[in-house]
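Asker: Predicted structure and sequence below. I'll ask about it afterward.
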Amino acid sequence: QAQLVESGGGLVQAGGSLRLSCAASESIFSFNVMGWYRQAPGKERELVAAITNGDSTKYADSVKGRFTISRDNAKNTVYLQMNSLKPEDTSVYYCNAGYGVVLESPPGEYDYWGQGTQVTVSS
């Protein structure tokens, strides 16, 4: 049973940056896709970014050009660099991982989820 632990969330002013990290308890190369989702109060969980073990990526339109997902297989860690943050980026951010998923897979098909980390962007 793999575990995913997120870190790096916090409070930042609009226009600022944060880098989220997701550390896995097993080799992340075993996961076909790892991703970041977010969920704000009263809203559905939505994809932010995802990356395959071949380094193909997918981003939500709302974060393209501002966020970058990357993975470090040696450290078993996936990162989400968030720049030019906006108040509407405020949410709980969750890391996930899936063995048999693809970039287009819905969230219900992922095998593991982290506990989430809060990101708050003040205006």
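Answerer: Perfect, thanks for sending it.

Asker: measure Arg38 to Arg45 for me?
Answerer: Computed with C-beta to C-beta, to the nearest Å, the distance linking Arg38 and Arg45 is 7 Å. For every residue, glycine as well, the C-beta is placed using N, CA and C.

Asker: overlap in contacts of the two?
Answerer: When C-beta atoms under 8 Å, 6 or more residues apart in numbering defines a contact, the residues bordering Arg38 and Arg45 alike are Tyr94.

Asker: can you pull up the bridge partners for the residue at minimal distance from the centre of the chain?
Answerer: In the chain, the C-alpha closest to the average C-alpha coordinate belongs to Trp36, at a distance of 2.0 Å (C-alpha atoms, centre = their mean). With DSSP bridges as the criterion, the beta-bridge partners of Trp36 are Ala49, Cys95.

Asker: try Ala23
Answerer: Residues in a beta bridge with Ala23, per DSSP bridges, are Val5, Thr77.

Asker: Tell me which residues touch it, please.
Answerer: With C-beta under 8 Å, 6+ apart, Ala23 has these contacts: Leu4, Val5, Ser7, Lys75, Asn76, Thr77.

Asker: Look at it and report its pLDDT.
Answerer: Looking at Ala23, its pLDDT is 98.

Asker: what's the distance between it and Ala2?
Answerer: Applying C-beta to C-beta, one obtains 11 Å for the distance of Ala23 from Ala2.
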